[in-house]
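Q: Sequence below, structure please.
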Amino acid sequence: MHEPQAMVRVVFLHPDLGIGGAERLVVDAALALKRKGHEVQFFTAHHDSSHCFPETRDGQLKVTCVGDWLPRSIFGKLAAFWAYVRMVYVALYLVLLSGVSYDVVFVDQVSACIPFLRLKHAKVIFYCHFPDQLLTQRKSLLKKIYRYVLDNLEERTTSSADCVLVNSHFTAGVYLETFRSIKVSPSVLHPSLDFENFDKFSDITCKDVNIDVPGECLFLSLNRYERKKNLGLALESLKVLFDRLDESERANIHLIMAGGYDDRVQENIEHYKELLSVAKILGISDKVTFLKSPSDKEKIALLRAARCLIYTPDKEHFGIVPIESMYVGTPVIAVESGGPKETIVNGVTGFLCSQTPEDFAEAMYTLVKDSSKKQSMGKLGHDRVVSHFSFAKFSEHLDYIVQGLMDERKQR
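A: Next up is the predicted model:
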């Protein structure tokens, strides 16, 4: 008989436990390990009960928030530096002051805290959503020097983790190209969906959540209000599509732009206003509705109601929203780069397009003219998610990694 697996005490360290793809991943990872019988809890520098996933406020996951008094930036500058400081503070609190016993620490986004976690005998998993140094622009000499220091720190501290995970094969390639001194390839742990969270809202409609959907053909964009998400492409594509249609066809089409929005984030505020301005300039304001931070119910209702999801980021690291869309039976139009190339089958579960309004509009036109493709492509997309991105597979893989680290420690 197989020896029963021992319970492992796992602490998750995350910089800001709000709403986003990275947060959804770590919440799912914690739930997966908890359901496998392990003891899990979160330590974070920020947790707002009005802007977080429900599992972190309804008692399913214990969350300890420390260090939120530290600044996030100084006059909008040095955000990366302060993110490092905040995570180091959280790590030191965990190690020196919390009194919490643990076997494994799961860290993501900020690797600078890893050496401090070494003060106790615990294994460290680092989940690299994407190298931080590639997420910033270096314009001035001073900024280049500042980033040089942080980039070297990121590479050195990342290499000190016992196990590094990434969200896609695309990210794995970028990781090896970026961190030249690290010769060990990271393991790929694709994000997944907890199907139960979607199935429990299977009967929810947009009307039930008080969202008005004008027309019969709804296009949906679902992404945080950040410039890197390339959201203007959805607006420009809609304009090109309208130029190909007659007035009666245009009357039945509407675009909803929904996504994460945080009043504390200046870019969210600015980009939201920019998109409103773009829609007005293009003359399509009456055909676009903007929604901020939809709830899970609202998101799922919108995904089910949409003719398709318009997913605009270029070189997206993974992209959980296309998975969510395909699971509820809605095809996806996405840029042919990054993670979507691993999740969407072109012409089968959606369309992969070049990053141009013309290509996106062509795919949208196909779905406008043939509404039956929503059902046929949606069914194949659902089947693909169930077979490749199930929560059960995700849980088994993560549990295997954690148990492997514990076995390795026992052998020493």
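
Q: For the helix ranked longest in the chain, which helices and strands make contact with it?
A: Longest helix in the chain, counting residues (DSSP state H): helix 391-410. Counting contacts by 3 or more C-beta pairs under 8 Å, 6 or more residues apart in numbering; DSSP states H and E, helix 391-410 is packed against helix 21-35, strand 104-108, strand 123-128, strand 163-166. For every residue, glycine as well, the C-beta is placed using N, CA and C.

Q: Could I get the full set of helices for the stretch 151-300 of the chain?
A: 169-178, 195-199, 232-244, 247-250, 266-282, 296-305 (DSSP state H, counting those that start in this stretch).

Q: Tabulate these (a markdown table), appending distance to T289 and mean neighbour count.
A: Formatted as a markdown table, the helices of the stretch 151-300 of the chain follow (distance: least, C-beta to C-beta, whole Å; neighbours: other C-beta atoms under 10 Å):
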| stretch | distance to T289 | mean neighbour count |
| --- | --- | --- |
| helix 169-178 | 32 | 17 |
| helix 195-199 | 23 | 14 |
| helix 232-244 | 12 | 21 |
| helix 247-250 | 15 | 12 |
| helix 266-282 | 10 | 15 |
| helix 296-305 | 10 | 20 |
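
Q: Adding mean pLDDT and distance to I125, write those helices out as TSV.
A: Supplementary listing: the helices of the stretch 151-300 of the chain in TSV, determined by pLDDT from 0 to 100; distance: least, C-beta to C-beta, whole Å:
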stretch	mean pLDDT	distance to I125
helix 169-178	91	15
helix 195-199	88	24
helix 232-244	97	35
helix 247-250	91	50
helix 266-282	95	29
helix 296-305	93	27
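
Q: Ok, which of those comes nearest M7?
A: Distance to M7, taken as C-beta to C-beta, is lowest for helix 195-199 among the helices of the stretch 151-300 of the chain, at 23.0 Å.

Q: mind saving the C-alpha coords of the closest one as PDB?
A: The C-alpha coordinates for helix 195-199 follow below in PDB (Å, rounded to 0.1, in the frame of the first residue of the first chain):
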ATOM      1  CA  PHE A 195     -15.100  24.800 -12.700                       C
ATOM      2  CA  GLU A 196     -17.400  24.800  -9.600                       C
ATOM      3  CA  ASN A 197     -17.100  28.600  -9.300                       C
ATOM      4  CA  PHE A 198     -18.400  28.900 -12.900                       C
ATOM      5  CA  ASP A 199     -21.000  26.200 -12.800                       C
END
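
Q: centre of the chain versus that helix, how much separation?
A: How far helix 195-199 lies from its chain's middle: 18 Å, per C-alpha atoms, centre = their mean, to the nearest Å.
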